[in-house]
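**Student:** Build me a model from this:
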Amino acid sequence: MSNINIKKVRTSDLELKDRLVAINRVTKVTKGGRTFSFSAIVVVGNENGVVGYGLGKASEVTSAIAKGVEDAKKNLVKIPVINGTIPHKQEMRFGGSEVMIRPAAPGPGIIAGGAMRAVLESVGVKNVLAKSKGSSNPHNLVKATIGALCELRDAYSVAQLRGISLNQVFNG
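**Tutor:** Numbering: from 1, shown residues only. Got it, this is the predicted structure:
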């Protein structure tokens, strides 16, 4: 995920909604017995093209979620959303998880499961077809989904990158 074109976003003027993707109870074995703590992965977004994810760990569930939200706010990225869907098909792999997302016509809604659904809802995508292949580990699924969304480019950014007009992108 090193060559992804990430567009960082400021949190000051955004109304972010957070979604809890997964929570894990983890155990540390010490001389005095077992110590339990919680690990939470959280996705935040403004449902208008901005999304971020974060991981929080604490001895209480609420503290872990709060830490996850704070971490997610530090990692916000801007995603191109056009007419409630994505500009083009994209695939991404992270660890053992592989995701494929495709634009959809108005109507079907978000066809995705679990961790992918939380990310796509937070971005503000209304119609998309998504498939998860390989591992269903929520951490890797969230990272793969956000990685795929970061790879998306709209026609305007392609025209800017090539130094041509928007009409030339389509008429070629």
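**Student:** Can you check the distance spanned by stretch 133-140, start to finish?
**Tutor:** 11 Å (Cα to Cα, to the nearest Å).
**Student:** no wait, stretch 89-108
**Tutor:** 16 Å.
**Student:** what's the average pLDDT for that stretch?
**Tutor:** Throughout stretch 89-108, pLDDT has a mean value of 93.
**Student:** if I pick the most centrally placed residue in the chain, what's in contact with it?
**Tutor:** Note on the chain: the residue nearest the mean C-alpha position is I146, at 3.4 Å, using Cα atoms, centre = their mean. By Cβ atoms under 8 Å, 6 or more residues apart in numbering, the contact set of I146 is 51-53, 77, 119. Just so you know, the C-beta spots here come from the backbone N, C-alpha and C atoms, and that holds for glycine as well.
**Student:** what's the farthest-apart pair in those residues?
**Tutor:** Among the contacts of I146, the pair separated by the greatest distance (Cβ to Cβ) is V77 and V119, at 11.1 Å.
**Student:** Overlap of the contact sets of the two?
**Tutor:** Overlap of the contact sets of V77 and V119 (by Cβ under 8 Å, 6+ apart) consists of 51, 146, 149.
**Student:** does the second one count as helix, strand or coil?
**Tutor:** This points to I146. Assigned with DSSP: H, G, I helix; E, B strand; the rest coil, I146 falls in the helix class.
**Student:** neighbours around V26, how many?
**Tutor:** V26 has 11 neighbouring residues, counting by other Cβ atoms under 10 Å.
**Student:** Same check on V29?
**Tutor:** V29 is flanked by 8 other residues according to other Cβ under 10 Å.
**Student:** circling back to that earlier point, quick one: which of the shared contacts of V77 and V119 is nearest to H88?
**Tutor:** L149 (11.6 Å).
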